[in-house]
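Peer 1: sequence first, then the predicted structure:
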Amino acid sequence: MELHLKRTYHSNGTNGVISYAGTKICECIELPWRNNKRMISCIPEGRYRLIKRMHYRWGEQLAVVNVPGREAILFHPGNNALNELQGCIAPVTKCIAPGVGNYSRIALERIKDLVYPILDAEEEVWLVITSCTL
């Protein structure tokens, strides 16, 4: 399975759309691009494997693995990238401003409902991150 995240970069945050097989699942927010610096930047564009991972704060979550120079990148709830994220990806129902969205927990459940059965069947799930072209 391959999910696609198409990003739009802004100085205050990164907004994106996550889709599968051409169908939109949800939107997402991330930190602005700051040269992949830990804790203050979104991760680089590329293709990354997703796995289940237990997190002390968020419980069972999706983790993005093999990100160059980074670790512990998760999909987790958050509605304001600058205040709630440290390099992770927060699914949201709708982006309402750069790096700001709403109803994150609902959007995260949509992704989990789609991806967890695939992971439970021991199949691979990948996330392909690209930028939007205008």
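Peer 2: Perfect, I can see it now.

Peer 1: now do stretch 93-103, average pLDDT.
Peer 2: Averaged over stretch 93-103, pLDDT sits at 98.

Peer 1: what's next to it, contact-wise?
Peer 2: Identification of contacts with stretch 93-103 by C-beta atoms under 8 Å, 6 or more residues apart in numbering yields 10-16, 26-32, 79-82, 90, 92, 104, 106-107. (Glycine included, C-beta is placed from N, CA and C.)

Peer 1: over to stretch 105-120?
Peer 2: With C-beta under 8 Å, 6+ apart as the test, stretch 105-120 has contacts from 1, 3, 18, 20, 25-28, 50-52, 62, 75-77, 90-93, 101, 125.

Peer 1: go through that stretch and flag the buried ones.
Peer 2: Buried residues in stretch 105-120, counted by 16 or more other C-beta atoms under 10 Å: 107-108, 111-112, 114-115, 119.
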